[in-house]
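Student: Okay, sequence plus prediction incoming.
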Amino acid sequence: MTLDLILLIIAGFFAGAINTIAGGGSLLTLPLLIFMGLPEAIANGTNRIAIFFQTASSVAGFRSKGVVTYPFSLYLGISASIGSFIGAQYAIDIDGATFKKILSIVMIVVVFLIVFKKNNNSLEVLAERTTGKHLYIAIIVFFFVGLYGGFLNAGVGFIMLAILPMINRFTLVKSNATKVTVAFIYTAIALSVFIFNGKVDWKLGLTLAIGNATGAWFASRYSVKKGDKFIRYALFVIVVGMSIKLWFYNS
């Protein structure tokens, strides 16, 4: 068991760093929790503990730098929370074998998007659109973001980073600030659902959270741009291997 805790801290560290530099850390931690023998729903719920603490830390970090998107992020967070509540209920009730198959497919799709996505900063000079119809469109869209986030959450950050510049013309910095705020809000709701239904392992979850927070802290201070490409391709190799194993894995 001690070895499992050490492994979780290490995996959490890399997941936190990946989330900071490239994104997609749950593609590592969620399958790992399943491989450690946790039932699928409990692994899903346990992973939310680390996500909750990581997003809380990120929100505080953006606030300390004066990057705040309130009340816009609150509106999206409330909408996403409604979806998250529904999605988490489905995640609890779904058959474990079916969940593993879905997760395997999502892992492959998301990791391809991570590796081959193109950076686009052309929207930085355009005026933001956070009122009127663009606000309402974002609120509706983020209900479905929350629905997926409550169910699985893996790679949801990339979905939000694609939506916010397109609909609301946010810069990368403001998109990230909004993303972590929305994720913090809807993760609190999803985690509550998992806790209420007894689908979390607090010991493993808090251990993972230590690793996530440490990795995020380290990467935010010592990461360099040239390391981004290496991490993306390393993540690609690891996640593809884990997804194949997960597809055939019987706990």
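Tutor: Received the coordinates, thanks.
Student: Retrieve the pLDDT associated with F158.
Tutor: Looking at F158, its pLDDT reads 80.
Student: what's the helix or strand for it?
Tutor: Assignment of secondary structure by DSSP states H and E places F158 within helix 156-168.
Student: Same check on Y186?
Tutor: Using DSSP H and E, Y186 falls in helix 172-196.
Student: average pLDDT across that helix?
Tutor: 91.
Student: Equivalent analysis for stretch 207-226, please.
Tutor: 72.
Student: Show me what counts as buried in stretch 203-214.
Tutor: L204, G205, L206, T207, L208, A209, I210, G211, N212, A213 (16 or more other CB atoms under 10 Å). For glycine as for every other residue, the C-beta is placed from the backbone atoms N, C-alpha and C.
Student: One more: stretch 136-148?
Tutor: A138, V141, F142, F143, V145, G146, L147, Y148.
Student: could you dump the residues you listed to CSV with secondary structure and distance to L113?
Tutor: Shown next, in CSV, are these (DSSP: H, G, I helix; E, B strand; the rest coil; distance: CB to CB, whole Å):
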residue, secondary structure, distance to L113
A138, helix, 21
V141, helix, 17
F142, helix, 19
F143, helix, 21
V145, helix, 15
G146, helix, 19
L147, helix, 19
Y148, helix, 14
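Student: So which of the residues you listed is the closest to S104?
Tutor: Minimum distance to S104 across those is 16.1 Å, recorded for Y148 (CB to CB).
Student: Would you confirm that that closest one contacts I86?
Tutor: No: counting by CB atoms under 8 Å, Y148 does not reach I86; the two are 10.5 Å apart.
Student: which stretches of the protein form helices?
Tutor: Using DSSP state H, the helices of the chain run over 2-21, 26-35, 40-64, 72-93, 96-116, 132-151, 156-168, 172-196, 202-222, 227-248.
Student: what's the distance between the fourth one and the middle of its chain?
Tutor: Going back to what we said before, that points to helix 72-93. Offset of helix 72-93 from its chain centre (CA atoms, centre = their mean, to the nearest Å): 13 Å.
Student: Same check on stretch 61-71?
Tutor: 19 Å.
Student: For it, buried residues please.
Tutor: Buried residues in stretch 61-71 (16+ other CB under 10 Å): G61, F62, T69.
Student: Stretch 148-157 too?
Tutor: Result for stretch 148-157 [16+ other CB under 10 Å]: buried residues Y148, G149, G150, F151, L152, N153, A154, G155, V156, G157.
Student: Name the residues that touch that stretch?
Tutor: 19, 23-24, 26-27, 30, 44, 47-48, 51, 80, 83-91, 102-103, 106-107, 109-110, 113-114, 145, 159, 179, 183, 186-187, 189-190, 193 (CB atoms under 8 Å, 6 or more residues apart in numbering).
Student: same thing with stretch 167-177?
Tutor: Outside stretch 167-177, the residues that touch it by CB under 8 Å, 6+ apart are 62, 67-69, 72-73, 121, 123-124, 126-130, 134, 137-138, 141, 160-161, 164-165, 178.
Student: Buried residues of it, list them for me.
Tutor: I167, N168, R169, F170, T171, K174, S175, N176, A177.
Student: I'd like these written out as a markdown table, with distance to A15 added.
Tutor: Listed next are the buried residues of stretch 167-177 as a markdown table, based on distance: CB to CB, whole Å:
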| residue | distance to A15 |
| --- | --- |
| I167 | 28 |
| N168 | 28 |
| R169 | 30 |
| F170 | 25 |
| T171 | 25 |
| K174 | 24 |
| S175 | 21 |
| N176 | 17 |
| A177 | 20 |
